[in-house]
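Asker: The sequence and its predicted three-dimensional model are supplied below.
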Number of protein chains: 2
Amino acid sequence: MSGSSSTPLPPTNVSLSPRERFEEYLQTRGLRQTNQRKFLLDKIFSEHEHFDADELIDRLPSKGSKNYVSNATVYRTLREFVDAGLLKSFQLEGRMVYEHDYGYPQHDHLYCTVCRELFEFQSEALTAIRDQVASEQGFRISGHRMIIHGVCRECSKNRRKKRRQDLV
Amino acid sequence: MSGSSSTPLPPTNVSLSPRERFEEYLQTRGLRQTNQRKFLLDKIFSEHEHFDADELIDRLPSKGSKNYVSNATVYRTLREFVDAGLLKSFQLEGRMVYEHDYGYPQHDHLYCTVCRELFEFQSEALTAIRDQVASEQGFRISGHRMIIHGVCRECSKNRRKKRRQDLV
DNA sequence: ATAGGTGCAAACTCTTTGCATTGCA
DNA sequence: TGCAATGCAAAGAGTTTGCACCTAT
């Protein structure tokens, strides 16, 4: 799965930090702030752009260490972050991929099937088409997911290089 | 998962029937035509637009009946149909969804999160945007997947009706 | 004190695979 | 006849869940 994207978009302005925003979310529903939640929130918002549960778990303190978080809690907490509007999730190659949502602009993705990295792009035209198609069909949109699959520039280069070497 | 789509697009012209095309595919690689494959191919191309493995299995003869096909074979055969270019597959809500590809025009989907039905649409503008984004980023495209999530016209109606009733 | 949260292990869903047997070419 | 295909059951991957214990409010 992809590591952090190489093309971060500029952040949108938000008045609250992710931490503050999450606290608000918790308080309004009588949920609790816990060390695990604090730790995961900080970790996620200080580090990665795109990640799946497995990648995140790999980078967390291991069992017995100070801030260990069980897998079950990781999965439960990720879902909570999505509910809270901090993260967005979508499926890619069979697993759930997460990315920052709060304070981050709407965008879509290019996915390199060689290095498995996700690249972002923004297109107002795409949104416009989406809205028009939906209105033609009487659809009330809740969102969309567009992923362009292919081979990124770097991987194309490397392949060409590799092919050249193979000929020698 | 969705049943057949309610908005079939016009078929594109192809010279071979799916069956003929598949036979060609098999012959060129030394693979074999079997009763299971024939049966599944006919079933799929005579019936559904979108389906997942589970739905297909449900509609197949049960164990002990004449044309019973094991689950393993269903999964293996579906992958083969995709390899042969007869079907296309994509992930939706955790499972693989299949649809006709051979003899069917390129299109994208609207997905109703209430009735779970898939609706199709075609947009040249979308393809154009895709190509431009990819070329800007030096991406060699192999394909794309666009799904608009929302609530379809019918389900919106029903909900409104339901809300009205709830008020009585 | 008392819900809500956590960790653990077991369960679950969807799909793939190893292997002995069957059956096309 | 030989290699591909099938069926079965077991294994996988990724994720969710039941439950006893823990802890924030």
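Answerer: Received the coordinates, thanks.

Asker: Now do the contacts for A:Leu147.
Answerer: Let me fix one detail, which is that residue A:147 is Ile and not Leu. Counting by C-beta atoms under 8 Å, 6 or more residues apart in numbering or on different chains, A:Ile147 touches A:92, A:108-111, B:144-146. Backbone N, C-alpha and C define where each C-beta goes, glycine included.

Asker: Flag every residue of chain A that's near DNA strand C.
Answerer: A:26, A:30-32, A:34, A:36-37, A:63, A:68-73, A:76-77 (C-beta under 7 Å from any atom of the strand).

Asker: can I assume A:Gly143 sits in a helix?
Answerer: No - A:Gly143: not assigned to a helix; according to DSSP: H, G, I helix; E, B strand; the rest coil it is strand.

Asker: from what I can see it touches B:His149, true?
Answerer: Yes - between A:Gly143 and B:His149 there is a contact under C-beta atoms under 8 Å: 4.9 Å.

Asker: For those two, indicate the residue with more neighbours.
Answerer: Higher neighbour count among A:Gly143 and B:His149: B:His149, with 17 against 13, using other C-beta atoms under 10 Å in any protein chain shown.

Asker: near DNA strand D, which residues of chain A?
Answerer: A:26, A:32-35, A:52-54, A:71-72, A:75-76, A:79, A:94-96.

Asker: Give me the buried entries from these.
Answerer: Listed as buried from those are A:26, A:52-53, A:96; burial here means 16 or more other C-beta atoms under 10 Å in any protein chain shown.

Asker: which among these gets closest to chain B?
Answerer: For these, the residue nearest chain B by C-beta to the nearest C-beta is A:Met96; the value is 8.8 Å.

Asker: pLDDT value on the closest one, please?
Answerer: Predicted confidence (pLDDT) for A:Met96: 97.

Asker: Show the contacting residues for A:Pro61.
Answerer: Going by C-beta under 8 Å, 6+ apart, A:Pro61 touches A:67-69.

Asker: A:Tyr104 falls within a helix, correct?
Answerer: No - read with three-state DSSP, A:Tyr104 is coil and lies in no helix.

Asker: so what's it scoring on pLDDT?
Answerer: Model confidence at A:Tyr104, given as pLDDT, is 92.

Asker: I figured it was touching A:Pro18, is that so?
Answerer: No - counting by C-beta under 8 Å, A:Tyr104 stays clear of A:Pro18, with 10.2 Å between them.

Asker: Show me the contacts of A:Pro61 that map onto strands.
Answerer: If you go by DSSP state E, these have nothing in strands.

Asker: Now do the SS call for A:Glu120.
Answerer: Assignment for A:Glu120 (three-state DSSP): strand.

Asker: The most centrally placed residue in chain A is in what secondary structure piece?
Answerer: When C-alpha atoms, centre = their mean is applied to chain A, the residue found nearest the centroid is A:Glu99 (1.6 Å). Applying DSSP states H and E as the criterion places A:Glu99 in strand A:95-100.

Asker: Perfect, that will be all.
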